[in-house]
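Student: how does the following fold in three dimensions:
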Amino acid sequence: MSTVKTEPAAGESGARRTRTSALDRIMQVLDFLQEQDQPATAYEVARAVGAPLSTIYVIVDDLVEKQVLDRQENGALWFGPRLYHYGLTYARRLDLLSAATQEMTDLAIGSRETVQICGRDGDNMVVLAMFDGPDHYYVASRVGTRTPLNWSASGRLLVGHLPEHERREIYARSTRPSPTGRAETDVEKLTQASRRVFEEGLCIQAGESDFSVACIAAPIVDNDGACRATVSIVVPDHKVHQAAPDLKALVKESARRIEERLGWRRR
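Tutor: Numbers count the residues shown, from 1 in each chain. You can find the predicted model right below:
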């Protein structure tokens, strides 16, 4: 694997230079575009990842030639068609997502609300799939949206099965204030709460990432006891405790059915 040198930070001319592999630089470019969720110029990418502009030019030119990136008329870079085809192939072979999609649709129709399947992407929660029911409430998070784990019900559940020290380390490095200012940021509280809601098989959060929006989530647990994904209903916060239909019961039953489809354990 070829390598490229990173530039020393200001005031560190005497520090030992490190070398970053070309693959690492490629991943930095792709990760930055995903996090930004919009096209960016090579200059913006280089500034964001701390790489020499000349290095980024070489990398992005190669990625554009191979259709991994697409260069727009104004010079901005965005994901190319090759990544789309990779994604389609991945989705076709992802058994969990295939099993969850049908249940997600049924739950959305039965609850008449927006339903999402979410997974963990490092220190973030990511929306893997979603379906809007007949009475759906508009939500800002769409497929591909990534948010810090402490912002959502699904985020807590996705790490709830991990040992306590791992949960604490994850929250210590990943916790961020939410746009509403209402998301929990106390690492110890998050560490304990994530285990509790995982064991209960249900987590409810309201107004933490979006005002007046609530999320009712249940974990999808594999045979090893790990939370592989979550299924959740997104509703106006006043609907959380409604009796007809009982959204909490519906989402827990949906998670159990997804596990059954995959041959995983019933809780």
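Student: list the buried residues of stretch 234-253.
Tutor: Counting neighbours by 16 or more other C-beta atoms under 10 Å, one finds that the buried residues in stretch 234-253 are 234, 235, 237, 239, 240, 247, 248, 250, 251, 252, 253. Placement of C-beta: from N, CA and C, glycine included.
Student: sec struct for the first one, please.
Tutor: The three-state assignment at residue 234 reads strand, by DSSP: H, G, I helix; E, B strand; the rest coil.
Student: quick check: bridge partners of it?
Tutor: On DSSP bridges, the residues paired with residue 234 through beta bridges are residue 114, residue 215.
Student: just checking, it touches residue 213?
Tutor: Yes - because the distance of 6.5 Å satisfies C-beta atoms under 8 Å, residue 234 is recorded as touching residue 213.
Student: if we can go back for a sec, identify, from the buried residues of stretch 234-253, the entry nearest to residue 25.
Tutor: For the buried residues of stretch 234-253, the residue nearest residue 25 by C-beta to C-beta is residue 234; the value is 36.6 Å.
Student: tell me how far the closest one lies from residue 240.
Tutor: As defined by C-beta to C-beta, to the nearest Å, residue 234 lies at a distance of 11 Å from residue 240.
Student: identify the contacts common to the two.
Tutor: The overlap between the contact sets of residue 234 and residue 240 (C-beta atoms under 8 Å, 6 or more residues apart in numbering) consists of residue 214.
Student: all helices for the stretch 1-150 of the chain, in order.
Tutor: Taking DSSP state H, counting those that start in this stretch, the helices of the stretch 1-150 of the chain run over residues 22-36, 42-49, 53-65, 81-93, 95-111.
Student: so can I have TSV of these showing mean pLDDT and distance to residue 221?
Tutor: Putting the helices of the stretch 1-150 of the chain into TSV (pLDDT from 0 to 100; distance: least, C-beta to C-beta, whole Å) gives the following:
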stretch	mean pLDDT	distance to residue 221
helix 22-36	91	27
helix 42-49	94	36
helix 53-65	94	38
helix 81-93	82	21
helix 95-111	87	11
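Student: out of these, the one nearest residue 168 is which?
Tutor: Checking those against residue 168 by C-beta to C-beta gives helix 22-36 as the closest, at 24.6 Å.
Student: in contact with the spatially most central residue of the chain, which residues?
Tutor: Among the residues of the chain, the one closest to the centroid is residue 126, at 1.5 Å (C-alpha atoms, centre = their mean). The contact partners of residue 126, by C-beta under 8 Å, 6+ apart, come to 118, 119, 120, 144, 145, 146.
Student: so what's it bridging to?
Tutor: Assessed by DSSP bridges, residue 126 has beta-bridge partners residue 119, residue 146.
Student: farthest pair in the buried residues of stretch 234-253?
Tutor: Of all pairs drawn from these, the one with the largest separation by C-beta to C-beta is 237 and 253; the distance is 22.0 Å.
Student: isn't residue 251 up against residue 202?
Tutor: Yes - with the criterion set as C-beta under 8 Å, residue 251 and residue 202 qualify as a contacting pair; they are 7.3 Å apart.
Student: between these two, what contacts are shared?
Tutor: Taking C-beta under 8 Å, 6+ apart as the contact criterion, the residues that touch both residue 251 and residue 202 are 216, 217, 218.
Student: mean neighbour count for the helices of the stretch 1-150 of the chain - can I get that in a markdown table?
Tutor: Below are these laid out as a markdown table (neighbours: other C-beta atoms under 10 Å):
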| stretch | mean neighbour count |
| --- | --- |
| helix 22-36 | 16 |
| helix 42-49 | 18 |
| helix 53-65 | 16 |
| helix 81-93 | 11 |
| helix 95-111 | 18 |
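Student: out of these, which is closest to residue 190?
Tutor: Closest approach to residue 190 among these (C-beta to C-beta): helix 22-36, 21.9 Å.
Student: how about the contacts made by residue 33?
Tutor: Listed by C-beta under 8 Å, 6+ apart, the contact set of residue 33 reads 39, 40, 45, 77, 78, 79.
Student: and of these, the nearest to residue 59?
Tutor: residue 45 (9.0 Å).
Student: what angle separates the helix or strand that contains residue 255 from helix 95-111?
Tutor: Taking DSSP states H and E as the definition, one finds residue 255 inside helix 247-261. With axes from the mean of the first three to the mean of the last three C-alpha atoms, to 10 degrees applied, the angle from helix 247-261 to helix 95-111 works out at 150 degrees.
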